[in-house]
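Enquirer: here is the input, now give the coordinates:
(one chain, ligands or ions: 1)
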Amino acid sequence: MTDLFSSAQNEILPLIQNQGELLCLPNWLSREEQGRYFSSFSQELDWKTETLMMAGKAVQSPRLVAWYGDPGARYRYSGLTYTALPWHPLLSELRQRLIQDFETPLNSVLANLYRNGKDSVSWHADSEPELGAEPVIYSLSLGTSRFFDFRRISDHKQKHRIELHSGTLLIMRGPFQHYWQHQVPKQLKIDEPRINLTFRYIHQDAAKLRQDLGN
Ligand SMILES: O=C(O)CCC(=O)C(=O)O
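Expert: Okay, the predicted model is just below:
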C-alpha cells in the first residue's frame with residue numbers, strides 16, 4: 001500500500017491516467033468554514049442508519065447517512081430506493097460553489113456521518129446506472145482525518161491509501177469507478193466524528209426506470 005500524497009500535499013494530482021482520475025485539493029475550505037459547516041451539519045442534517053441488503057439479509061450500516069437533492073432525485077443503492085430531502089441551505093451553498101468552481105451540474109448529495117473510528121464504509125464503486133457512464137463525484141471531508149483506500153477491481157493487490165483531512169475536496173472522475181473500488185476503513189483508536197459529503201449528478205430517467213423495473 002502506498003501513500004500517494006505524502007510528497008505533494010498541496011497540489012492537484014491526476015493519479016491514474018487512462019483509468020480515471022483522483023484529484024485531491026487540501027484546504028478547499030478554510031478552517032473557519034470547516035468548523036461552521038461541521039457544526040451545522042452534525043446538528044441539523046436528518047441523520048439515519050441505513051439498512052443495507054447483504055447476502056439477502058438486512059443489516060444496519062456502520063455509519064449514519066442523509067440524502068439531499070433536487071425535487072424527485074432518487075437513488076437506488078443496495079436494493080433500496082432513497083428519495084432526496086429538500087436542500088439544507090448550507091448544502092445548497094456548497095453545491096453552488098462547486099458548480100461555479102468546476103462548471104458542473106450537481107443535483108444531489110449523500111452525506112455520511114462517521115461517529116467515531118468504529119464507523120466505516122466497505123469496498124464499493126459508485127457505479128449505479130443513474131450516475132451515468134463516467135460519474136464525477138465531489139467528495140468533501142469535514143472533522144477528524146480518516147484513511148481513504150482504493151484498489152483496482154481486477155487486481156486487489158494494487159491498493160493505495162491517502163489520508164483525508166478536514167476541508168479536503170477529493171474528486172473522482174473519468175472511468176475511475178470502472179477500474180477502482182474505494183473504502184473508508186475502521187480506525188478503532190479514533191474517537192472523534194467525521195462528516196463526508198459526496199455531491200453527484202443523478203440521471204433521473206435512469207433512476208426511475210430502475211425503480212419501475214425493481215432492480
Ligand atoms: O467518506 C468517504 O470519504 C467516502 C464515502 C463514500 O465512499 C460514498 O459515499 O460512496
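
Enquirer: give the helix, strand or coil label for the residue in the chain that the ligand sits nearest to.
Expert: Going by C-beta to the nearest ligand atom, the ligand is nearest to Asn196 of the chain, at 3.2 Å. Any C-beta I mention is one placed from the backbone N, CA and C, and that applies to glycine too. Secondary structure for Asn196, judged by DSSP: H, G, I helix; E, B strand; the rest coil, is strand.

Enquirer: residues near it, how many?
Expert: Asn196 has 22 neighbouring residues, counting by other C-beta atoms under 10 Å.

Enquirer: which ones are touching it?
Expert: 111-112, 114, 139-142, 164, 184 (C-beta atoms under 8 Å, 6 or more residues apart in numbering).

Enquirer: just put the residues you listed in a markdown table and tack on neighbour count, secondary structure and pLDDT.
Expert: Converted to a markdown table, those look like this (neighbours: other C-beta atoms under 10 Å; DSSP: H, G, I helix; E, B strand; the rest coil; pLDDT from 0 to 100):
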| residue | neighbour count | secondary structure | pLDDT |
| --- | --- | --- | --- |
| Ala111 | 22 | strand | 97 |
| Asn112 | 21 | strand | 97 |
| Tyr114 | 24 | strand | 98 |
| Ser139 | 22 | strand | 98 |
| Leu140 | 25 | strand | 98 |
| Ser141 | 26 | strand | 98 |
| Leu142 | 26 | strand | 98 |
| Leu164 | 23 | strand | 96 |
| Val184 | 21 | strand | 98 |
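
Enquirer: among those residues, which pair sits farthest apart?
Expert: Using C-beta to C-beta, the two most remote members of the contacts of Asn196 are Ala111 and Leu164, lying 14.9 Å apart.

Enquirer: just give the closest residue to Ser141, not the sequence neighbours.
Expert: Computed as C-beta to C-beta, 6 or more residues apart in numbering, the closest residue to Ser141 that is not its neighbour in sequence is Leu164, at 4.3 Å.
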